[in-house]
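In: Okay, predicted coordinates and the sequence, questions at the end:
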Amino acid sequence: MASSAGSTAGAGASGSRRQSNGLVGSLHAAKRHAGGAEGVDEEDDEQGARGQTVKVESDGVMGDGLDESIKQGIAKAIAHSRVTKPLPGSRRATAGVDFVPKQATVPKSTTEKENTRRLIVVLSQACLEAYRVSSGSGGKNAAGKEAKYALLNCDDHQGILAKTGRDIADARPDITHQCLLTLLDSPLNKAGLLQVYIHTAKGQLIEVNPSVRIPRTFKRFSGLMVQLLHKLSIRGVQGSEKLLRVIKNPVTDHFPTNTIKLTLSADAPTVRLSQFLPTLPESHSIAVFVGAMARGPDNFADQWVDQKISISEYTLSASVACGKFCCAMEEMWDII
């Protein structure tokens, strides 16, 4: 009986060794296969072993009968079996490749502006008005602090508009904000083929640098416009280039000599821009006047425009009209 039990135990131990040897061989074969398929070298093996902690549990197969070297080999193979490929977005960028498109060169000199065909958008009747929210003489109140100003708008200053008997539609600077975001974000502007001017209801003319980044929130935009209306110009944080500045009227003095001037009007004949724009002279820039107000007559540019057009059978907001015109110009000039 004892010899039978001993032979049984010996057979079990021998079977365990054969099973463990087979497992080790399979793991090493899998390791070699993975190394050949994915280019894993010895240095990567060492880094993978150092980067992960693997614990080998003792069971019926991997017991105390295994050598320490075998355990380490199995642990190393298991460590590499857990290595995963990085996501496409997490891979390092290729050296020398710029994935961020650069801003196109914007014409600055008079000669460049004269010879470069562009789309010029004038936001007419823009509601940009600074209002003093704290009283004081000489720019300071009784406490000696500087008077505070805010951009007049229909959301925060309804009481002021009611006291002065003004229409709530006279305080809609958010329309100008929306139009600027639409225009300056367009591929047409990024290609350096767009120039924007703002003509306020108070008669001030503002030139917008194509490289300026308009604040996304209305609160920050309001602060920027108040600063512009008081200082008459806004410079970049780095450099002396003016990003926004108040310039002399009329706006047509800043157009190239060869410029077709259009006005968007709901009462004008409706045209399809994809068919209308190619009929204009190829040597001329195109200036379009867009009303940046909530409501009112469209006679703000009658003394300058060559033609009035409508670009939709439906009533469009100023921002949508700007976007629709930019898209049509991008299609005509093959800008993607």
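Out: Okay, I see it.

In: which intervals of this protein have sub-threshold pLDDT?
Out: 1-67, 69-71, 74-106, 108, 135-145 (pLDDT under 70).

In: And the helices in it?
Out: 2-38, 42-51, 68-81, 110-115, 158-163, 173-184, 187-190, 218-231, 273-276, 318-332 (DSSP state H).

In: Give the buried residues for the fourth one.
Out: Under the neighbour-count criterion of 16 or more other CB atoms under 10 Å, helix 110-115 has residue 113 buried. To be clear about C-beta, it is placed using only N, CA and C from the backbone, and glycine gets the same treatment.

In: what does the fifth one give?
Out: The neighbour-count check on helix 158-163 (16+ other CB under 10 Å) flags residue 161 as buried.

In: swap in the last one?
Out: By neighbour count with 16+ other CB under 10 Å, helix 318-332 contains the buried residues 318, 319, 320, 321, 322, 323, 325, 326, 327, 328, 329, 330.

In: Just the CA trace of it, in PDB.
Out: As requested, the backbone C-alpha atoms of helix 318-332 are provided in PDB (Å, rounded to 0.1, in the frame of the first residue of the first chain):
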ATOM      1  CA  ALA A 318     -27.500  88.600 -38.900                       C
ATOM      2  CA  SER A 319     -25.100  85.800 -37.700                       C
ATOM      3  CA  VAL A 320     -26.700  83.200 -40.100                       C
ATOM      4  CA  ALA A 321     -26.600  85.700 -43.000                       C
ATOM      5  CA  CYS A 322     -22.800  86.200 -42.300                       C
ATOM      6  CA  GLY A 323     -22.200  82.500 -42.200                       C
ATOM      7  CA  LYS A 324     -24.200  81.900 -45.300                       C
ATOM      8  CA  PHE A 325     -22.200  84.500 -47.300                       C
ATOM      9  CA  CYS A 326     -18.900  83.200 -46.000                       C
ATOM     10  CA  CYS A 327     -19.700  79.700 -47.000                       C
ATOM     11  CA  ALA A 328     -20.700  80.800 -50.500                       C
ATOM     12  CA  MET A 329     -17.300  82.700 -50.900                       C
ATOM     13  CA  GLU A 330     -15.400  79.600 -49.700                       C
ATOM     14  CA  GLU A 331     -17.100  77.500 -52.300                       C
ATOM     15  CA  MET A 332     -16.300  80.000 -55.000                       C
END
